[in-house]
Every structure is written in C-alpha cells, then in structure tokens.
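> Return a 3D structure for these sequence lines:
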Amino acid sequence: MGQVRRQLLQAARKITIDFQTLKDRLSVTATDIKNLCPDAASWKLKPEQRRSLVAARAVWYTMDKLVQAAFPPPEAPLPGPLAALLGGVTIPSNQGSMDRTDGKMWAAWLEIIQQEIFKAEVSMEMVTWFRKRCCGEGIKVAPALSQWREVVCVLFEELCREEL
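Numbers count the residues shown, from 1 in each chain. A predicted model of the protein is given here:
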C-alpha cells in the first residue's frame, strides 16, 4: 500500500481515549481539586470518582491552555496618528489565528471538553493534530502547568506511537 493511502487510512481510524485513566499520572493539589470541582455535586462523589473527575478536568484544562499557547491572539500596532493619540494601543490582527482546518479540529475537541465526555472516541487525525500543534518544544505555558503538560503530551505521543 502506498504512503499517501496509508496516511489517509490512518487518519480515518478511530481510537478511544479515557481521560479518567490519567489520575495516577497527574500531580494534583488540594487547591487544584477545589478549583476543578467547585460544584457541590462533585463533592458528593466517592473519593475515587472525584479523583477521576479531577483528572479529566485537569487534562481538559491543560489542553485548552496548550491550544491558547499554540495559537496566541496576535496584536498589531494601530496605524499612524491614531496610535499616538491612544498611547501605543494595539489591535488584534489575524496572524497566528486558527485557520478553518485548525478551527474544526479544536471545535471537535471542545465538544468533548464542554460535554465532559470522559471516554471519547476520536479520529487519529484529531490526535495527531493536537500533538503536532500543541506539544512542540516551542509551546510555552505557565510553570504551574508543566507537570500536567507533560502528562498530556506523553499521552498524545503514546497514542500516535500505538497507531504506527
């Protein structure tokens, strides 16, 4: 089978990600638990169920921050005399923004995140998109997210390796 056909077939493959299984890999503090489970309903869960919920929400939070870092909102200086009048204010430009393909991929991930789907079936294309765009060495996040980022990026690297 040719390389192009193999890549297209691989992209169409479906895999299942269980976000709750990462609970043993994540380092979560009591403050993290309070921030990720502010609602009363989550505190009525058994400790193991709450730990799974916290793990999934931590992964989703980290994924969101990685995407924001990979696609930062660019700013451009206002042109001419208007800039001097407003004291050097910048306006958003479209550099670094998501194109339509990136937007579709992230929209699919957002559906999983916003609906809190713990065990999600996704395409291999979604997995490789996230890994390529958001797990590169040049992506910078807050130091507090370093451990969570490593867990998320290792997960996506493992998923990509399994499918080779």
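> Closest to the centroid, which residue in this protein?
residue 63 (1.9 Å; CA atoms, centre = their mean).
> buried sites along the helix or strand harbouring that residue?
Applying DSSP states H and E as the criterion places residue 63 in helix 47-70. Of all the residues in helix 47-70, those buried under the rule 16 or more other CB atoms under 10 Å are 50-63, 65-67, 69-70. Using the backbone N, CA and C atoms, a C-beta is placed for each residue, glycine as well.
> What average pLDDT does that helix get?
Averaged over helix 47-70, pLDDT sits at 93.
> Packing partners of that helix?
Applying 3 or more CB pairs under 8 Å, 6 or more residues apart in numbering; DSSP states H and E, one finds that helix 47-70 makes contact with helix 30-36, helix 40-43, helix 100-114, helix 124-134, helix 146-162.
> and the angle from the fourth one to helix 100-114?
Here helix 124-134 runs at 100 degrees with respect to helix 100-114, directions being taken by axes from the mean of the first three to the mean of the last three CA atoms, to 10 degrees.
> in helix 124-134, what counts as buried?
124-131, 133-134.
> Residue 105 contacts residue 128, doesn't it?
No - using CB atoms under 8 Å, residue 105 makes no contact with residue 128, being 9.7 Å away.
> hmm, which helix or strand of the chain has the shakiest average pLDDT?
In the chain, the helix or strand scored least confidently by mean pLDDT, DSSP states H and E is strand 90-92, which has a mean of 50.
> Distance check, residue 104 against residue 47.
38 Å (CB to CB, to the nearest Å).
> Distance check, residue 101 against residue 161.
24 Å.
> where are the low-confidence patches of this structure?
Across the chain, the ranges flagged by pLDDT under 70 are 1, 8-9, 74-96, 163-164.
> repeat that with 80
Low-confidence segments of the chain (pLDDT under 80): 1-12, 40, 73-97, 162-164.
> Many thanks, I have nothing further to ask.
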